[in-house]
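**Student:** got a predicted structure here, sequence first:
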Amino acid sequence: MPFSSALPAWATSATPAAPGRLVEWQKQCQDTGLADCAHASRELGVLAPARAAGQAPSGPLVTLLDDPRVAVEGEVSHVTVDGRFAQVVTVRVLRDVPAGLGCEVAVSACPTLFAGTTVRIAEITMSSARLPLMVWESWTTCQVATESLPAGFEDFLASMRFTP
């Protein structure tokens, strides 16, 4: 699903990876001075998951919220993103969740939600025939000044515009 958006300031110098069904912008630990993490300290991503044969029709967010490897922070909120219904929630990841955003593990560009991160996730309904678009921002829980990250995520969602 083609879209345009305004990236957070920290993501402008990062390079989008794996274009196509998945686009990610990452800020690595060494860029932030954190020496104890094995993955990006900040990540912003957009994923258009593909429905696997036999996969339940519910969206990936329902599955994730039932996963014992994550702890839900607060309530699920309902918003619109460029006129489309979206559910937004924040979770803390207690243990790694491979393919936690609805894609198959076999897909090489399938992101893992890493233990020790907090993730703000939006599941945007695109149409009844397709799985929803997943948008997330994650940050390590040890990272300083995380208070502004959810606000930046909301700004990113508000700036999204979909093109046919």
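**Tutor:** That came through, no problem. Numbering: from 1, shown residues only.

**Student:** tell me which helix or strand of this structure sits lowest on mean pLDDT?
**Tutor:** Among the helices and strands of the chain, helix 29-32 carries the lowest confidence by mean pLDDT, DSSP states H and E, at a mean of 54.

**Student:** and the longest strand that the chain contains, C-alpha only, in PDB?
**Tutor:** Secondary structure of the chain read by DSSP state E shows that its longest strand is strand 70-81. The C-alpha trace of strand 70-81 is given here as PDB (Å, rounded to 0.1, in the frame of the first residue of the first chain):
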ATOM      1  CA  VAL A  70       3.800  -9.100  26.000                       C
ATOM      2  CA  ALA A  71       2.300  -6.900  28.700                       C
ATOM      3  CA  VAL A  72      -0.400  -4.400  27.500                       C
ATOM      4  CA  GLU A  73       0.200  -0.800  28.800                       C
ATOM      5  CA  GLY A  74      -3.100   1.000  29.200                       C
ATOM      6  CA  GLU A  75      -6.100   0.700  26.900                       C
ATOM      7  CA  VAL A  76      -6.500   0.200  23.200                       C
ATOM      8  CA  SER A  77      -7.500   3.500  21.600                       C
ATOM      9  CA  HIS A  78      -9.500   3.900  18.400                       C
ATOM     10  CA  VAL A  79      -8.500   6.600  15.900                       C
ATOM     11  CA  THR A  80      -8.600   7.300  12.100                       C
ATOM     12  CA  VAL A  81      -5.600   7.400   9.900                       C
END
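
**Student:** ok, then the element right after it?
**Tutor:** Using DSSP states H and E, the helix or strand that follows strand 70-81 towards the C-terminus is strand 84-93.
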